[in-house]
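Engineer: Only the shape, not the letters, is given here:
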């Protein structure tokens, strides 16, 4: 498997506060990589840096192209969909309008229509509420909507920032099940940021542990899950 | 009864103009969270452009549509060149830019065209129309028609086209918009262009009634602010409704309430603004937006 995304020496800052101090990591084509770590480790910042949303330096290579320094709108057009922390739903628009916006940059209207049917199949509750204002949906439904909107891009790579945040366990299980399906059936690669380490390690192939802006350790998800000492000292369970 | 109907129709005619300008204000407010104090002067200047074209020999409707196009481009230009540099500046800086635009347009109009009042033609026939036994001014009816057409077209555009959807999205949430690939800067510029276009229609419809002069829109802008606030500054539909309500209210109060008459009509608008802000700042249809700090 080749590397879909290669990050070398990623540094990022907010104003004068440096948050990432030179990260190196990879996302394999068709794989799921997870970034773990405590609050403030720089996980969300990493995803933002990949999308050109934060001041950064370093090398980002996506599908053979250097993408650092490009505008967010252009990075989206390369096939990267970012599901932000807090979902980023268009609260005043309807569910269906949110989904249509996900496909905004696509030229293949018929295929986009198929994708809408597919996400309604994954999340029937969205179909029920298609004309409802998105702000009136529950947290879990909004997360489903956020993931679906990202899927409407037919992305090559999905960036997910804490999809389990604030959701009931049953809802989270359903969402992660769909994410696995999407990865396996549609070959969408994923970079997943999660606080819930056990959940993330069950889904992912590879894991990187971030600690205050550096990669503290990395390995396959299976290895990290098996290692008791890592789990106890870094992941807290 | 007859005169009541006439006053209502006249009120709807001015209401259509307030509604158009109020809609322009709300469109800009939704995308920038700022009230464009220069909206009226831009509309006035557009009307002068139309006057120039008509005086150069162009037929009315040709000049009308060309003015709309020029106003659209002017709005685009103002957003792109003048407003983009200050889009992240503190509120007061932006307010000063708007006031600056107001003064510039007003002075340019006065300088180029002088402050002498000019008549402005109406495309609707001079003879009053008789409907159901009641006599109505042709221009009043025509103005209602024109503003309704423009407002309906805008509504359809925003509701049913992808570009309209993208513009609404960009106004509501610029971060998420970028994440679906919308070029937010371009959408904002388009919004300004459309707002200027709508404003120009308002100017060209009101000029035959109040006559063309650089200060023509000052009073009208006041009513439009009241309309936008009454309807809810974040609600386009509310602003339009507010415009018609205020138009009719202004006319009826001015005609039937003796101590208001023509002199205090504007005071009614001011009182309305204060009242709305005190009692229900979000207006009839607006939403209360909570900003988490």
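Structural biologist: Yep, that arrived. Keep in mind that what you see is a predicted model, and the values were worked out from it rather than measured.

Engineer: Under a three-state scheme, what state does the closest residue to chain A within the stretch 101-250 of chain B occupy?
Structural biologist: In the stretch 101-250 of chain B, the residue that lies nearest chain A is residue B:181 (3.7 Å; CB to the nearest CB). The way it works is simple: take the backbone N, C-alpha and C, and place the C-beta from them, glycine included. Assigned with DSSP: H, G, I helix; E, B strand; the rest coil, residue B:181 falls in the coil class.

Engineer: So it is in contact with residue A:79, correct?
Structural biologist: No - judged on CB atoms under 8 Å, residue B:181 makes no contact with residue A:79 at a distance of 10.6 Å.

Engineer: Could you list the contact residues of chain A toward chain B?
Structural biologist: Contacts of chain A with chain B, taken as CB under 8 Å from any CB of the partner chain, map to A:51, A:53, A:71-73, A:76-77, A:81-82, A:84, A:88-93, A:97, A:100-102, A:104-105, A:149, A:153.

Engineer: mind listing the helices for chain A?
Structural biologist: A:43-50, A:72-77, A:95-102, A:109-122, A:124-128, A:139-151, A:169-185, A:197-203, A:221-226, A:228-230 (DSSP state H).

Engineer: how about the residue of the stretch 101-250 of chain B closest to chain A, what does it touch?
Structural biologist: Residues in contact with residue B:181 (CB atoms under 8 Å, 6 or more residues apart in numbering or on different chains) are A:73, A:76-77, A:104-105, A:153.

Engineer: And the pLDDT at it?
Structural biologist: On pLDDT, residue B:181 comes in at 96.

Engineer: Leaving out chain neighbours, which residue sits closest to residue B:150?
Structural biologist: Distances taken as CB to CB, 6 or more residues apart in numbering or on different chains put residue B:201 closest to residue B:150, at 5.2 Å, once the chain neighbours are dropped.

Engineer: what about that neighbour, which helix or strand?
Structural biologist: helix B:184-210 (DSSP states H and E).

Engineer: helices or strands up against that helix?
Structural biologist: For helix B:184-210, the packing partners by 3 or more CB pairs under 8 Å, 6 or more residues apart in numbering or on different chains; DSSP states H and E come out as helix B:2-32, helix B:39-55, helix B:60-77, helix B:138-160, helix B:162-172, helix B:174-179, helix B:216-231.

Engineer: For residue B:163, give its distance to residue B:157.
Structural biologist: 8 Å (CB to CB, to the nearest Å).

Engineer: low pLDDT regions in the stretch 151-293 of chain B?
Structural biologist: Low-confidence segments of the stretch 151-293 of chain B, defined by pLDDT under 70: B:288-293.

Engineer: before we move on, what about chain A?
Structural biologist: A:1.

Engineer: Got the domain ranges for it?
Structural biologist: A:3-79+A:158-235, A:91-154 (automatic domain parsing).

Engineer: Kindly check the end-to-end length of the first one for me.
Structural biologist: Terminal residues of domain A:3-79+A:158-235 are spaced 26 Å apart (CA to CA, to the nearest Å).

Engineer: Now do that domain: distance to the chain's middle.
Structural biologist: 7 Å (CA atoms, centre = their mean, to the nearest Å).

Engineer: again, but for stretch B:89-104
Structural biologist: 18 Å.

Engineer: Quick check: the residue nearest to residue A:91 when sequence neighbours are not counted vs residue B:27, distance?
Structural biologist: Leaving aside its sequence neighbours, residue A:91 sits nearest to residue A:135 (CB to CB, 6+ apart; 3.4 Å). To residue B:27, residue A:135 is 21 Å away according to CB to CB.

Engineer: Looking at those two now, which is surrounded by more residues?
Structural biologist: residue B:27 (24 against 13; other CB atoms under 10 Å in any protein chain shown).

Engineer: residue contacts, the nearest residue to the more buried one once chain neighbours are set aside?
Structural biologist: What sits nearest to residue B:27 in space, not counting adjacent residues and going by CB to CB, 6+ apart, is residue B:195, at 4.7 Å. Contact analysis of residue B:195 by CB under 8 Å, 6+ apart lists B:23-25, B:27-28, B:36, B:39, B:75.

Engineer: and of the residues you listed, the nearest to residue B:90?
Structural biologist: residue B:36 (16.9 Å; CB to CB).

Engineer: My guess is that closest one contacts residue B:98. True?
Structural biologist: Yes - the criterion here is CB under 8 Å, and residue B:36 meets it with residue B:98 at 5.6 Å.

Engineer: Of the two, give the one with the bigger neighbour count.
Structural biologist: A direct count of neighbours by other CB under 10 Å for residue B:36 and residue B:98 places residue B:36 higher, at 28 against 21.

Engineer: a strand runs through that one, doesn't it?
Structural biologist: No - the assignment for residue B:36 is coil, going by three-state DSSP, so no strand is present there.

Engineer: ok, it - contacts?
Structural biologist: For residue B:36, the contacting residues are B:24-25, B:28-29, B:98, B:195, by CB under 8 Å, 6+ apart.

Engineer: Which pLDDT does the model give it?
Structural biologist: 91.

Engineer: For it, what are phi and psi?
Structural biologist: Backbone torsions for residue B:36, taken as degrees, to the nearest 10, come to phi -80, psi 100.

Engineer: ok, residue 66 - how many residues close by?
Structural biologist: Answering for chain A, as no chain was given. Look at residue A:66: counted by other CB under 10 Å, it has 11 neighbours.

Engineer: switch to chain B, that's the one I care about
Structural biologist: Residue B:66: 14 neighbours (other CB under 10 Å).

Engineer: And the contacts of residue B:36, which is closest to chain A?
Structural biologist: Using CB to the nearest CB, the contacts of residue B:36 come closest to chain A at residue B:29, 14.0 Å.

Engineer: Chain A contacts on chain B?
Structural biologist: Going by CB under 8 Å from any CB, the residues of chain B near chain A are B:162, B:165-166, B:168-169, B:172-173, B:175-184, B:287.

Engineer: Can you flag the buried ones in the residues of chain A next to chain B?
Structural biologist: Among the residues of chain A next to chain B, those buried by neighbour count (16 or more other CB atoms under 10 Å in any protein chain shown) are A:51, A:53, A:72-73, A:76, A:81-82, A:84, A:88-93, A:97, A:100-102, A:104-105, A:149, A:153.
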